[in-house]
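Student: Structure for this input, please:
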Amino acid sequence: MASSHPLQIDVVSDVVCPWCYIGKHRFERALALVQDIPVEVNWRPFFLNPWVPREGMSREDYLVTKFGSVEAYKGIASRVKEAAAEEGLQYNSERMQRQPNTIDCHRLIHWAGASGAAAAMKQRLMELYFRDGGDLTKLDVLVQAAADIGLDANEMRERLGSDADIDLVSAQATEASNKGISGVPTYVFAQQYAVSGAQPPEQLAAAIRQLATETSRQA
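Tutor: All right, here's what the predicted structure looks like:
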């Protein structure tokens, strides 16, 4: 019998990580397979490219810096596109013009969490970026994304224009790195068991079921 205490699952990921985009969909499919198990999901920040400046940079410069050339990324992009399509997702790398620094995205996800909308905020930002080629370096784009999921646009604009929670989000991302998390998505169960990578839903569901049983025995 599962414990009445929900199993805590921390999902450490970044909105510009394509495998996090795919992984989020697989994770949500996994949750649908274990609806009888109570879980508490926390969306935690990670900076895949902490060296990207706050104002962002051109996608071309980013690809050259990270992969050596734009050409070098094409093979990776086609594999990602194929994996995304299998999940019913669109990955349109040719539409991406700007590579953002994601601290403001993570601030929005953190604030959305106060009303239980962190997953929706993350999904909206990922769709904008991977599907639509949206420029997540633009304040207006971020504010509209927040409004799209029901957050107050004026309040979000004001908060994004301030330094609110920059230190908090940065500290959480640093903590993840300090714990040895280098590849994302990483799922941390009950603050002690970590699974890395965009795992198939069935494997994640099996892990959730097993750990829920183990933690209920320990309770």
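
Student: For Arg59, give me its contacts.
Tutor: 96-99 (Cβ atoms under 8 Å, 6 or more residues apart in numbering). The C-beta positions use only the backbone N, C-alpha and C, and glycine is treated the same way.

Student: Just the ones of the residues you listed in strands?
Tutor: 98-99 (DSSP state E).

Student: how about the strands in this structure?
Tutor: Using DSSP E, strands in the chain cover 7-13, 39-45, 57-58, 98-99, 186-189, 193-196.

Student: Lys66 is nearest to which of those?
Tutor: Closest of the strands of the chain to Lys66 is strand 98-99, at 8.9 Å (criterion: Cβ to Cβ).

Student: Neighbouring strands of the closest one in the sheet, and parallel or not?
Tutor: strand 57-58 (antiparallel) (DSSP bridges).

Student: Tell me where the model's unsure across the protein.
Tutor: In the predicted model of the chain, residues 1-4, 219 satisfy pLDDT under 70.

Student: For stretch 49-61, buried residues please.
Tutor: 49, 52, 56-57, 59 (16 or more other Cβ atoms under 10 Å).

Student: Now do it: distance from first to last residue.
Tutor: Terminal residues of stretch 49-61 are spaced 13 Å apart (Cα to Cα, to the nearest Å).

Student: cool, and stretch 82-102?
Tutor: Stretch 82-102: ends 25 Å apart by Cα to Cα.

Student: which of the residues in that stretch are buried?
Tutor: Quick answer for stretch 82-102 (16+ other Cβ under 10 Å): 83-84, 87, 89, 91, 93, 96, 98-102.

Student: if we can go back for a sec, and of the buried residues of stretch 49-61, the nearest to Met156?
Tutor: Looking across those and measuring by Cβ to Cβ, the closest to Met156 is Gly56, at 18.6 Å.

Student: Give me the distance between the closest one and Val169.
Tutor: Using Cβ to Cβ, to the nearest Å, Gly56 is found at 17 Å from Val169.
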